[in-house]
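*Asks:* Structure, please.
(chains A and B)
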Amino acid sequence: MPIKMFKLYQGKMKTFIKYAFVILIGLSSKLYAQMPHDVIYMPKKTACLAVSYNNSSWKEYWENTLKRENLNIGTHTTQSVMPMIAYGITDKLNAIVALPYVSTKTSAGNLMGQKGIQDFSAWLKYQLVKNEKGFSLHSVLGASIPVGNYVPDFLPMSIGLQTKTATGRLIANYTHKSGIYVTAHGSYILRSKIKVDRDAYQADNRVYNTNEVSVPNATDAAIRLGYIKDGSRIQAEFFAENFTCVGGDNIRRNDMPFPTNNMTSTSIGFYGKYQPKNIGFNVRVAKVVNGINVGQATSFSVGLLYQLNPKIKK
Amino acid sequence: MKNIYKNILKAIIIAPLLGTWGAIVLSCDKTVTEPVKEAYIPTKLDENAGTWKTYILTSSSEVAVAAPKAATDAAYLQELDSLKNKIMPVLTPANKDAVAYWGAGAVYRWNEIARELAARYNLAPAANAEGKYPVPDAANPLADPKFPFANPPYTARMLAYLSVAQYDALVSTWNYKYMFNRKAPSKNDASVRPLLPVSDLPSYPSEDAVVAAASYTILVAMFPGEVPYLDTKLAEAKNARVWAGTNVPSDVTAGDALGKAVAAKIMAKAKVDGMSAANNQTLVAGQIEAAVARGIKNNWVSQETPARPPMLPNYGAVTNWNFDKATLAKIRPVMPYVVGSVEWQKDFEELEKINKSQTREQARIANYWADGAGSYTPPGHWSREAANLCHENKFSEVATARTMALVSTALMDAGIACWETKYYYYTPRPQQFGLKTSVGLPNFPSYTSGHSTFSAAAATVLGSIFPSKAADLNAKASEASNSRVYGLIHFRVDCEMGLAHGKKIGEYAIARGKADGSGY
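*Replies:* Have a look, this model is predicted:
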């Protein structure tokens, strides 16, 4: 690191500590904890740190279209802890970064649980249009890169697929002045090829004599109906989400999943946030209602939100 | 100045995001790169291969082949004319792709197809609603569960009969090739422009058609649900030789008949080798009793729910290739460490340590060699290794078939001898003592390790044929063996004794190879 940069960094750290202190004693202004799929923006030069715990488990899964249980898995559980930072580059352009730690386990059978740091993701969210009537349109670019050197094809125990991803997303929102809103988004997710430890594998009913595996691209879409109040101190919404692979093969009869699978799922759920001061929390519950080549997961997460707001000094 | 810093900070945040995003978008190509195998002129034609010792045929002339029409015969001249004026000028791009694909070698490609079928069928039956595991039914191969369950013993046997059929049929082919000495179309008529390199090997009967027909006959017997797929492959393999201008149709027709006739004799032997009794579950209680009497008090128990009957408990009684049953008993590994003994405790502690903190490198090795459900199995892994070595060394079809036959008979012998050992001692898996696995747990007794036995047998045979690769092959066999400890499904002693056992088994195949008249 060049000296100048280092000094700048030192300076920033001092400022950071000072601000953190101020925040801790409870002074506050605007609170804007936000996600890559909502239309909330951190004001310029403000940041929010969120740490969430997520727990997702399934007992039944879809082997291709056949819904079944597996007594040699019992209940499969994925847990993760994800620190996330959202930062207002400008009032209309926000950056969000996250890096989860993930672990998996089963309640029966003898498959070894896996754990580790998964993929670093980063998002840029930009407000394209906003009118007086409450309509707005937003574009999001996202990317993720695997950080941990985890095994991607020991499914369903693997903590991730090792793909690099690039996401393009469009979000449309209408918020009535009463606070009731509806948000819809659609995304296209490019997913890179991956490398596995073995040098031959079966997919699409043939053997590939290589360690390269083509992971299908995917789309995701969601619709949310909710209520937001007082900046975004209080937020509650119901949502329906869909994740669909663009192509891919199916789990064969009594086989394990593989990264080439066409994994598709539709979930419904609730999200709520309460952030009266700098410190707040959010909760999310969701259940997969339909799918192919995925577990019928029930998941919940709780997050602790922590606002870093340098503007408050003024 | 402050503004500059701000802008730098902004750039630091935004640039990598956009850059990464762009790089991922640009690099998002879904095509996976697989090795391309091209046609070659063999370094040796193996002119005397018609005299090499066959496995099941009593001689290379046991199946008769009629003499071809002379090169000056009107019928032959018409075949040549049709080849260059009617067939080759209208080839489609798909025809040319088929020519290039099959140009890699008939034995090479048919072994690859066999491995692919093994991978497609290597899935254990699911339990039914009553908690029972239905047995795959050869008469109804596409029902659930599909027939066969191409597990490692099944695949080893399938590959052995395939390679033996290819080899015996090619020895026979070489006999007739040099008996009749019909030259290749392009050597009889210079205006035939073949799409593949052509050696001085006589072209009647077509070695590619022989291998295609022999392989087809074995594979439809082994995978009865795949007849339509194999019909397509057989037709394409035979047509590709004519499309390439390397055979006239009468070469192919004679080869097809010879290949089918030889393979029918091989399958007749396969039908009486004892495989039909390999899954005799009524023997299991007696096997456990005998193991207990030998001093193994802790026995293997299926770790699946519901408990699955052990895989092919009587496979050890299937007929071997390169030694007899007395030898099988003589070379059987000695009794393993008894549970609770100091030596057993040491092996267990090694596993406990891996269970607690498996390294990424241990996981990589375990995964690379796992060859578990849905794969072409360890015999398939070594069959691929063998075929690639033959291709790299530009072996003739008959020398390739010989290598594949030596390796795959050694692999089947290894399977038989290892399975016999497993059910002789009936020892428990590490999972019966609370350990997990990162590769999936096989459903049969632990001692000795199948991977170790298969790998040492194949590596020993291949090391004898390719001496410059021997050290590398042995290192691979050791790694395959270690992989089962790293994957936590075998004790160290299972692997070490399996390796030593496999090496002995491989040496019997080498002895056969030395005496087959090939001079290799």
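
*Asks:* burial count for residue 270?
*Replies:* I went with chain A, as the question did not name one. For residue A:270, the tally of surrounding residues (other Cβ atoms under 10 Å in any protein chain shown) stands at 14. In this view, the C-beta of every residue, glycine as well, is placed from N, C-alpha and C.

*Asks:* Hmm, no, I was thinking of chain B.
*Replies:* Residue B:270 has 22 neighbours, counted by other Cβ under 10 Å.

*Asks:* how much space between it and residue B:276?
*Replies:* 10 Å (Cβ to Cβ, to the nearest Å).

*Asks:* ditto for residue B:266
*Replies:* In terms of Cβ to Cβ, residue B:266 sits 16 Å off from residue B:276.

*Asks:* Then residue B:212?
*Replies:* 27 Å.

*Asks:* more neighbours, these two?
*Replies:* For residue B:212 and residue B:276, the more surrounded residue by other Cβ under 10 Å is residue B:212, and the numbers stand at 30 against 12.

*Asks:* Tell me the predicted confidence for the nearest residue to the more buried one once chain neighbours are set aside.
*Replies:* Among residues not flanking residue B:212 along the chain, residue B:237 sits closest, at 3.9 Å (Cβ to Cβ, 6 or more residues apart in numbering or on different chains). At residue B:237, the predicted lDDT confidence score is 98.

*Asks:* got the contact list for stretch B:74-90?
*Replies:* B:68-70, B:185, B:188-189, B:191-193, B:195, B:242-243, B:245, B:248-250 (Cβ atoms under 8 Å, 6 or more residues apart in numbering or on different chains).

*Asks:* per-residue pLDDT, the closest residue in space to residue B:116 that isn't next to it in sequence?
*Replies:* What sits nearest to residue B:116 in space, not counting adjacent residues and going by Cβ to Cβ, 6+ apart, is residue A:207, at 4.4 Å. You'll see residue A:207 listed with a pLDDT of 96.

*Asks:* what about residue 217, how many neighbours?
*Replies:* All of this is about chain A. If you count neighbours by other Cβ under 10 Å, residue A:217 ends up with 20.

*Asks:* Chain B was what I was after
*Replies:* 25.

*Asks:* The strand or helix carrying it - contacts with which helices or strands?
*Replies:* Taking DSSP states H and E as the definition, residue B:217 sits inside helix B:207-222. Identification of packing neighbours for helix B:207-222 by 3 or more Cβ pairs under 8 Å, 6 or more residues apart in numbering or on different chains; DSSP states H and E yields helix B:106-121, helix B:152-180, helix B:227-243, helix B:249-270, helix B:397-425.

*Asks:* Quick one: the helices in the stretch 51-200 of chain A, in order.
*Replies:* Taking DSSP state H, counting those that start in this stretch as the test, none of the stretch 51-200 of chain A falls into helices.

*Asks:* and it, which residues reach chain B?
*Replies:* Contacts of the stretch 51-200 of chain A with chain B, taken as Cβ under 8 Å from any Cβ of the partner chain, map to A:71-72, A:87, A:89, A:95, A:108-113, A:122-124, A:141-143, A:145, A:149, A:151, A:153-154, A:164-166, A:190-193, A:196-200.

*Asks:* Strands - which of those residues land there?
*Replies:* Taking DSSP state E, the ones among those that sit in strands are A:87, A:95, A:122-124, A:141-143, A:145, A:165-166, A:190-191.

*Asks:* Remind me which helix or strand the residue nearest in space to the middle of chain B belongs to.
*Replies:* In chain B, the C-alpha nearest the mean C-alpha coordinate belongs to residue B:380, at 3.2 Å (Cα atoms, centre = their mean). Using DSSP H and E, residue B:380 sits in helix B:377-392.

*Asks:* So in the chain, where's the weakest helix or strand by average pLDDT?
*Replies:* I'll assume chain A. One helix or strand of chain A scores below all others by mean pLDDT, DSSP states H and E: helix A:3-24, with a mean of 45.

*Asks:* nope, chain B please
*Replies:* Scanning chain B with mean pLDDT, DSSP H and E, the lowest is helix B:2-26, at a mean of 64.

*Asks:* which residues does residue B:65 contact?
*Replies:* B:172, B:176, B:205, B:254, B:257-258.

*Asks:* Which of those residues sits closest to chain A?
*Replies:* Checking these against chain A with Cβ to the nearest Cβ, the nearest one is residue B:258 at 28.9 Å.
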